[in-house]
Each structure stands twice: as C-alpha cells, then as structure tokens.
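**Student:** what's the 3D shape of this:
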Amino acid sequence: MTLPFPPAEHPAEPPAGVAAALAAIMDGRMSGEEFADFERRLLADPAALAEYCELIDLEFALAWELKSRIAAGEPPDAPPPAPRRRLVGGLAIPLGLAGVAAAAVMLLLGLPGRAPPTGPRSVTLSAAAAARWAMPAAPETGEPLPAGPLRLAAGDAQLTFPSGAVVAMHGPAEVDVLGDNRVFVRRGRITPFVPESAKGFTVVSPTGEVVDFGTEFSVSVADDGQTDVFVIGGVVDVSGGHTAERSPLRLTQGFATSVSAADPRPQFTQKPILVDHFGGGHGPFLWRDIHPEYPAAVTDGGLRIPIEGEQGRPDPTVQIVLDHDFSAIVGRRSTISYKAMLPAKPGVSRDRWVALAIDSGNGPLPWAHRPGTAAAVLVSPEWQVGAFVDGNRIHQREVWPRQTIFPRGSEAVGPYQVVITIDDTPAGRDASGHAALTVMINGVEFVKRFPIDLGDRPRLAFQTFMSRREPGVSHAVIDDFSVSVDVPPADVAL
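**Tutor:** Purely as a prediction, here's the structure:
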C-alpha cells in the first residue's frame, strides 16, 4: 500500500491524506508492515505526525461525547446542543461532522449500520483488583474492552488477548490495544505473560518496542517516554525508535534495559548475578534440612521442597540456604525472581506454606514468620500470599476460592511468579536508611516500597512448613530462580 501523503523529503508540501490512512487502520485494512511504514513516515514528517495526533485526539473526544449523549438518552444522530469547532491539521472541523474521524468513531462504538468491531475489541478485561478507571466508559470484567485508550488511575487490572497473552496493568497507567497481539503503553507499568501461543507479542512505547519470544517481562514508561524493560523469564528483543533500521538488543532472564528519546540505543542496565533453571544437581544451594527424612532435591527441572509429611511423623520444617555471596545487592537496586508451584491435592491445609526468606546474615537463619528475618514472601494453598518484615505480617491476600487476580493455572496451586525488588540505593532508602521492598505476584503489585533492614551481608533461603493433616509426602516446586543487580552501563560483561 502506498500511503496517501508525500514522503518526508518534501516537507514543504502539506501532509494530505493522513485521515485516509487513519481510516485504513481503524477499518483493519492496514497490514503490520504497512503500519510500520506508516509509523516510520510519521516520525520522519513532524507535520504529518502533528495532524495524526490531532485526528486521534478528535476521534476520542467525539467518542466520549457520543457515548455520553447515548447514555443520557439522546439519539446518536442528534446535533450537539451548540456548534463547536476545533482546528485539525489547519482545518476547522465541526464536532459531530468530522468525516473519516466520525466514521472511525462509529466503527469503534459498534453503532448500527456498521460491521461489528474486531481486533482490539476481542481483548477482554479478565480480572481487576481495587481498579479505579479514569475514563467515561470503564471496562467490565469478563467483557471486551471499550473503544479508546485504557486509563487506569489506581489498582491492578489484567487483560487477556485472543493469542493467550495476559497483560497486568498497574495504575496509574495508560495503554492502547493495537491488535490481538500488540499493545501500546503511553505511560505507566505493565507486566505481560506470553505463552508459546502468543510468541511475537509486541509492546510499543513512545521510545521503542519490545518483541517477546514466550516469556514474562515488565515494561515501565515514564512521562517523558523513557522505557524500562526487565525480563523475568525467557527472551525478548528491545529496539529503540520505530524504524525498520533498528537493531534490537536481546535480553534474557535477569537482564534489563532502558530506552529514552535522548539515547534510543538499548543498553543493559541490570544483569544477573545468579540464574538457576534447576537442570540437575544441587546448584548453588547449601542444604540445611532440619528433618533429614524429608530431603529436598533437584529433579525434573525444579527444586522440590517437602511441604507436607506423613501423619504421625515430625513436621517437615526445611530450610534451604542459597550458598552464594549476595553482598552485591547491598547499596544497589536488585531483583529476585522465581516461580513456585504448590502440590495439587484435595483437603488443603491452612498452615502449609513455602517462603523465600531474606535476612541480614548474622547468626542462625530465622524462620520467615519470626523476628530477625528482614523480609519474607509466603505462599500457601488456602490464604495464597503473605508478606512479613521482621516477623510482622505487613500484607496478606486471600484470593481463593474468590475470584483471583492470579489467573495462570489453578488458583490454589499456581504457578506463582514472584518478583521481589529491593532498592537499597541512596535515592531508594527512607529517612531512617531502610531499603525499599516491592513484591509482585504474577504481575500484580502485592507490596509497594515497604521499608526493610537489609543488613550488610544478606542471605536468601527457601523454607517450608505445615501441620500434619494429610497422609503421604508432597512437595513444592521452585524453578527459574534469578537474582539481578543494577550496574553501570559499561559493566555488562557476564
């Protein structure tokens, strides 16, 4: 398709035909390659870009006005109460009579006389937690998304795409769904989970693109367009800008990058100091099983920790300490990531849990829920997730059997993707010098910047505990474990 406005090398010519290109996008008549070419031409022609932005702005203003009038009981074709005009690309266009833009509004609203919308409208809001929307037509859980940008003022929401991708939004955030496997983030943070069926899922930001190859990652976009990407697991390609000439930076688990308008070249901003996929052997773990009759082991690509024992025998209280020097996370911003799966057996025990405990490294390792532990994240089949700091519960979420915001797998058993961020930088510490703890579970922010005393030489340990209520022995499974730290841009060698 040849776009109906002149190429960038003729800037003196007024950009004609941008509205026609916009109509092609809205009607689904523009292919992915054509859209990429359209983006490239807009970025090369400031006048065309300005006209496009004005038309988009007008389009959604018309949409909100028309929806408001319908909600108020006015007929859709009723004239506005008073004539209003605005300049679009140098032309005065009355609201309600905007030609192509009005047709696009009719398409997005699905009003009579037009074909039902496709593409982005097939994406649904699958779950929400304390979500507050800053938009006239707020989405309904389980329903296709309304037309226009999604503006989440606060809370968390999850979008499910026809491809199988699940995207968690964290308020405040604003996104546009561009298609069944593509989303644009204007600002804020999202966490996409991309299964094999959705490979190629693309996140577009004002300063770059992220193409996924089956993984989980987070994308944060600041008000100035700076885009931060962190790979929780799998592989992504990150590109600066939106031209065909871009050279992507490939990121794997534990790596992060940042892209800004001032410097569109992606570069590593965080690298792993430890990654373990548990392919065999003990790896970096020092076993400290209190009851040797319940040993932990690495089998079938996972760290298997006993989480329930036979009736009449001692409780399996197991501590597995990571035999690694984690002093590198002191004074820096670090990220700890892993997946946890709990046993799927009937008759859940409320007292059964698996935890990752972080302590200051002084003396015997304390239990996750006892004083002396800097922080701990506990996962249980019944009450799901709890967070402790120095033995005090700071947050707990009971989401089962209620509607859950953790949609992957069974609500009772996971898998739970746990991402713990510790900001021990001077800018991240509070007035008392405490580091800031943030916890996400399956892309949903669970704890936000809670102060913890990290200590000088922190230790990490997995722990399990349960009361004897069921016969037999079963295990929790931990896999895809990584610890990463922020590094200077030049320090990226592994």
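**Student:** Can you pull the poorly scored residue ranges out of the stretch 151-300 of the chain?
**Tutor:** 242-246, 279-294 (pLDDT under 70).
**Student:** What segments of it are strands?
**Tutor:** Along the stretch 151-300 of the chain, counting by DSSP state E, counting those that start in this stretch, strands occupy 166-179, 182-193, 202-205, 208-212, 216-221, 227-233, 235-240, 249-252, 256-259, 267-276, 285-289, 297-299.
**Student:** same for the shortest one, what does it pack against?
**Tutor:** Which is strand 297-299. Where contact means 3 or more C-beta pairs under 8 Å, 6 or more residues apart in numbering; DSSP states H and E, strand 297-299 is packed against strand 302-308. In short, each C-beta sits where N, CA and C put it, glycine included.
**Student:** who does the strand it packs on pair up with?
**Tutor:** strand 297-299 (antiparallel), strand 474-486 (antiparallel) (DSSP bridges).
**Student:** mind putting the strands of the stretch 151-300 of the chain in TSV, mean neighbour count and distance to Ile478 included?
**Tutor:** Shown next, in TSV, are the strands of the stretch 151-300 of the chain (neighbours: other C-beta atoms under 10 Å; distance: least, C-beta to C-beta, whole Å):
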stretch	mean neighbour count	distance to Ile478
strand 166-179	21	22
strand 182-193	22	18
strand 202-205	24	28
strand 208-212	24	24
strand 216-221	24	16
strand 227-233	24	13
strand 235-240	22	21
strand 249-252	18	19
strand 256-259	24	22
strand 267-276	19	9
strand 285-289	16	10
strand 297-299	15	10
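**Student:** Among these, which comes closest to Gly455?
**Tutor:** Nearest of the strands of the stretch 151-300 of the chain to Gly455, taken as C-beta to C-beta: strand 267-276 at 17.2 Å.
**Student:** partners of that closest one, with directions?
**Tutor:** Sheet pairing for strand 267-276, using DSSP bridges, gives strand 256-259 (antiparallel), strand 474-486 (antiparallel).
**Student:** Of all the ones you listed, which one is nearest Val330?
**Tutor:** Closest among these, using C-beta to C-beta: strand 474-486, at 9.7 Å.
**Student:** Averaged pLDDT, the closest one. What do you get?
**Tutor:** For strand 474-486, mean pLDDT rounds to 89.
**Student:** so what's Arg86 scoring on pLDDT?
**Tutor:** Note on Arg86: pLDDT of 33.
**Student:** so can I have TSV of the strands of the stretch 151-300 of the chain showing distance to Asp45?
**Tutor:** Conversion of those to TSV gives the following (distance: least, C-beta to C-beta, whole Å):
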stretch	distance to Asp45
strand 166-179	21
strand 182-193	20
strand 202-205	19
strand 208-212	20
strand 216-221	24
strand 227-233	23
strand 235-240	20
strand 249-252	27
strand 256-259	22
strand 267-276	29
strand 285-289	57
strand 297-299	57
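**Student:** Mind checking these for the one nearest to Val330?
**Tutor:** strand 267-276 (12.1 Å).
**Student:** Using CSV, write out every CA atom in that closest one.
**Tutor:** Output of strand 267-276 as CSV, limited to C-alpha atoms (Å, rounded to 0.1, in the frame of the first residue of the first chain):
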residue,chain,number,x,y,z
GLN,A,267,21.9,-1.0,26.7
PHE,A,268,22.0,-3.3,29.7
THR,A,269,21.0,-1.6,32.9
GLN,A,270,20.7,-4.7,35.1
LYS,A,271,22.4,-8.1,34.9
PRO,A,272,22.0,-11.3,36.8
ILE,A,273,24.5,-12.4,39.5
LEU,A,274,22.8,-15.8,39.7
VAL,A,275,20.4,-17.7,37.4
ASP,A,276,19.4,-21.3,38.0
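**Student:** how big is the angle separating it from strand 227-233?
**Tutor:** Put simply, strand 267-276 runs at 20 degrees to strand 227-233, going by axes from the mean of the first three to the mean of the last three C-alpha atoms, to 10 degrees.
**Student:** Helices of this structure, start to end?
**Tutor:** All helices of the chain, identified by DSSP state H, fall at 18-26, 32-44, 46-71, 100-109.
**Student:** Among these, show the one with the smallest mean pLDDT.
**Tutor:** Taking the mean pLDDT of these, helix 100-109 comes last: a mean of 34.
**Student:** returning to that earlier point: determine which stretch of the strands paired with strand 267-276 is the most buried.
**Tutor:** Ranked by mean neighbour count under mean count of other C-beta atoms under 10 Å, the strands paired with strand 267-276 are led by strand 256-259, which reaches a mean of 24.
**Student:** Domain ranges for the chain, per the record?
**Tutor:** What automatic domain parsing lists as the domains of the chain is 18-109, 120-265, 275-486.
**Student:** coming back round to it: nearest to Val418, of the strands of the stretch 151-300 of the chain?
**Tutor:** Among the strands of the stretch 151-300 of the chain, strand 227-233 sits nearest to Val418 (C-beta to C-beta), with 9.6 Å.
**Student:** and the closest one, what does it pack onto?
**Tutor:** strand 208-212, strand 216-221, strand 249-252, strand 256-259, strand 333-341, strand 416-423.
**Student:** Within its sheet, name the partner strands of it and how each one runs.
**Tutor:** Assessed with DSSP bridges, strand 227-233 is paired to strand 216-221 (antiparallel), strand 256-259 (antiparallel).
**Student:** Export those strands to JSON lines and append columns for distance to Ala137.
**Tutor:** Listed next are those as JSON lines, based on distance: least, C-beta to C-beta, whole Å:
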{"stretch": "strand 216-221", "distance to Ala137": "23"}
{"stretch": "strand 256-259", "distance to Ala137": "32"}
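**Student:** out of those strands, nearest to Ala435?
**Tutor:** Across those, Ala435 has its closest neighbour in strand 256-259 (18.3 Å, C-beta to C-beta).
**Student:** Convert that closest one to CSV, retaining C-alpha atoms only.
**Tutor:** What follows is strand 256-259 as a C-alpha-only set of coordinates in CSV (Å, rounded to 0.1, in the frame of the first residue of the first chain):
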residue,chain,number,x,y,z
ALA,A,256,17.1,-5.1,32.0
THR,A,257,17.5,-2.2,29.7
SER,A,258,16.3,1.4,29.3
VAL,A,259,15.4,3.4,26.2
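**Student:** Identify the residues contacting it?
**Tutor:** Applying C-beta atoms under 8 Å, 6 or more residues apart in numbering, the external contacts of strand 256-259 come out as 205, 207-208, 226-231, 238, 240, 249, 251, 265-270, 335, 484, 486.
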